[in-house]
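[1] Have a look at this prediction, sequence included:
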Amino acid sequence: LATHLHLPYPHQRHDAAIPSGHHHHAPASPARSDRAAACRGLRACASHALVFLPSFHLLEVALTHELLRPLLPPNPSLRSLRLDCARLEDAAIACLARAGLHELLLLNCDNISGRLLCELGTTCRDLRVLSLNSLGARRGLVVNFSDLQELLNGCSQLENLRLALDFSTFDDPNFGRVWASASERLSSLEIGYIPMTMLLELLVAVTEGQQCMDYVKTPVFFPSLQKLCLAVDFITDHLIGSISVALPSLTHLDLQDAPIVEPNSSSDLTNAGLQQINPHGKLKHISLMRSQEFLVTSFRRVNDLGILLMADRCSNLESVCLGGFSRVTDTGFRAIIHSCSGLHKLRVSHGSHLTDLVFHDIIATSLCLTHVSLRWCKLLTNVGIERLSCNKDLNVLDLRDCRSLGDEAVRALSCLPKLQTLTLDATDISDQSLKYLGLGTCPLTSLSLRGCRKLTNDCITLLFAGHVKQSLQMLDLSRIPSITDDGIMLLARSRTPLIELRMRENPKIGDASVMALASMQIDGGTYGSTLQLLDLFDCGGITPLAARWFKKPYFPRLRWLGITGSLNRVMVDALSRSRPFLHMACRGEELGTMLWDTSSDWYRHNDDDLDELEQWLLEGEPVSDDDTIMEE
């Protein structure tokens, strides 16, 4: 028997088709009887196989409890379960909390209450990996502190815990102490959001446990913890210092904040705080990000001196992510590049003072960068990217909103032998860049051109003229006003086996594009056979007529569809009923399976999309000389 279950798409028929001209009451031929017997035997084998499968992974389709229950019979061999729970409620908890599980990953748990945590602690004693997303997010559902307590007390073998939840719901006087009962094997802890007061309470409890005399029996907190990922109110010097003291074995520290008011000097990160990072020299990854979600702000009290001091203490870093350091210049960023000889991943977001000089002599270093993200670095030009391209191991490159970049930068990148993911959103490239990529040698699988306003329909022909056609799977042509139905017809004629195609907010894309894609066949397959994601949100020419082309047999593999909900509510609802396993996004949300994983930050589009006024406020805020002196 196969060790993994590869489930067919639920809307596909698996019974034998009845040839035209035959009636249901016609006598079965011997051949058909043999087929029927074979089908019964196959179904019996499949049902028995479900009892022995060690892994059950079904993230592309959200099943109801009625459909899921027969697929998850009692199975002592089941060790790994991964599901999209968007259609599940508390009635399914008994189906999810199964004894013997080692790994449980559940997405979109909005309709499931905190009782799931309690049941996991009671039932899943051998659980090693747990990842939950959006638990109890629906209004009226409760996630209690006692549920968390049961989970930590019961799952004594946990090694990796991800809870993408708002921990303010766990506010309790014993919050800090309850973590003493957490698994001693816990090496990775990732939390969606935790208020600063609760986090500091936990860190105080950890520190007090470490400082007690040996002959005093004290609870053990996080003896094996190496990775910590948190979202907090403010990243402050006090927080950095507390983490460094309480968790000396960390190799991976990921902190993000999203201030709702401008931080003052006592509730912000300064140069002094950066000096407290990595006192024991064990850090391999550091990520400090200030989100612009609620307020246009930055780490105003950190300058080059702070980054220089951090780089001096963190020479063993392999991954660095810095977002919102608007006062850091080339001097600070170059210090990281030249101090960290083992650096593989570099991400700088909103680097308003980062220029080509950062990469001026990068060829003289021993760096082997594989992932680079330089979002909103508007002073970076073609020269800097040409120098960066000497890193022949580059695999992922994100240049989103680097508005000074043009065709020569892409020309330098087109020959990189390992480049698979390239994001050029809102850059100044033209059709010539797509010609370079089409004739180049990089094995692109994902290309994003969102908001590249100079592009025309010709870019599609130029892109697919070369071998990129054989490797490209994901393409984003959103917010390009010159792209029309004619361009999408060219794409369809190229027969490129795309898996994801995004064309949102294009005023000249209409029903003809949908018909062309629906009719496209790849290597004799069914119509529109390869597309799994299609985003047409707010495309100006889409009418209710297009909805007909999303019915069977067209787009048989489609799992995510973005469309304007107000287009025709009746038609959209009818489509949703006819294809219940199709994720319909009608309010402009981004599409795809969003695993709650920090690694996905290298690919996602849900970055801070600031308009030019907000960008000016962020980068051009006046600062007095007195303020600068005080900060330094």
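    Arrived safely.
[2] What are the contacting residues of stretch 313-322?
    Stretch 313-322 is contacted by residues 254, 275, 277-279, 281-289, 307, 328, 336, 339-349, 351, 371, 373, 601 when judged by CB atoms under 8 Å, 6 or more residues apart in numbering. Yep, even glycine has a C-beta here, placed from its N, CA and C like the rest.
[3] Give me the buried subset of these.
    Listed as buried from the contacts of stretch 313-322 are 254, 275, 277-278, 283-289, 307, 328, 336, 339-340, 343-349, 351, 371, 373, 601; burial here means 16 or more other CB atoms under 10 Å.
[4] Those residues in helices, which ones?
    307, 336, 339 (DSSP state H).
[5] ok, so of these, who is nearest residue 549?
    Distances from residue 549 to these, taken as CB to CB, are shortest for residue 336 (50.5 Å).
[6] Tell me if I'm right that the closest one and residue 346 touch.
    Yes. With contact defined as CB atoms under 8 Å, residue 336 reaches residue 346; the gap is 7.5 Å.
[7] how about the helices in the stretch 401-550 of the chain?
    Counting by DSSP state H, counting those that start in this stretch, the stretch 401-550 of the chain has helices at residues 407-413, 431-439, 458-463, 468-471, 485-494, 511-519.
[8] what comes up buried for the third one?
    Within helix 458-463, the residues scored as buried using 16+ other CB under 10 Å are 458, 459, 460, 461, 462, 463.
[9] Roughly how far does the closest residue to the first one other than its chain neighbours sit from residue 480?
    Right, residue 458. Using CB to CB, 6 or more residues apart in numbering and skipping residues adjacent in sequence, the residue nearest residue 458 is residue 431, 4.9 Å away. In this view, residue 431 and residue 480 are 11 Å apart by CB to CB, to the nearest Å.
[10] With residue 191 instead?
    According to CB to CB, residue 191 stands 38 Å off from residue 480.
[11] likewise residue 81?
    On the measure of CB to CB, residue 81 and residue 480 end up 41 Å apart.
[12] Also residue 460?
    Taken as CB to CB, the span from residue 460 to residue 480 is 11 Å.
[13] According to the record, where do the domains of this structure fall?
    51-206+217-225, 479-591 (the TED database).
[14] For residue 442, find the nearest of those.
    domain 479-591 (15.9 Å).
[15] Contacts for stretch 66-76 next, please.
    7, 10, 47, 50-53, 56, 63, 78, 81, 83, 88, 92, 95, 98, 100.
[16] among those, which are in strands?
    Among the contacts of stretch 66-76, the members found in strands (DSSP state E) are 56, 81, 83.
[17] can you pull the contacts of the first one?
    Shown here is residue 56, whose contacts under the criterion CB under 8 Å, 6+ apart are 5, 71, 72, 78, 80, 81, 82, 83.
[18] I figured the fourth one was touching residue 50, is that so?
    No. Look at residue 78 against residue 50 with CB under 8 Å: they stay out of range, at 9.3 Å.
[19] who's more crowded, these two?
    residue 78 (21 against 17; other CB atoms under 10 Å).
[20] Which secondary structure state does the closest residue in space to residue 255 that isn't next to it in sequence sit in?
    The spatially closest residue to residue 255, leaving aside those adjacent along the chain, is residue 235, at 5.2 Å (CB to CB, 6+ apart). When classified by DSSP: H, G, I helix; E, B strand; the rest coil, residue 235 comes out as coil.
[21] now swap in the one 10 residues further on and tell me
    Secondary structure, three-state DSSP: residue 245 is helix.
[22] Please apply the same query to residue 131.
    Going by three-state DSSP: residue 131 is strand.
[23] can you pull the contacts of it?
    So residue 131 contacts 104, 105, 106, 160, 162, 164, 596 (CB under 8 Å, 6+ apart).
[24] Would you confirm that the fourth one contacts residue 132?
    Just to be clear, that refers to residue 160. No. With contact defined as CB under 8 Å, residue 160 and residue 132 do not form a contacting pair (12.0 Å).
[25] Before I go, just wanted to say thanks for your time.
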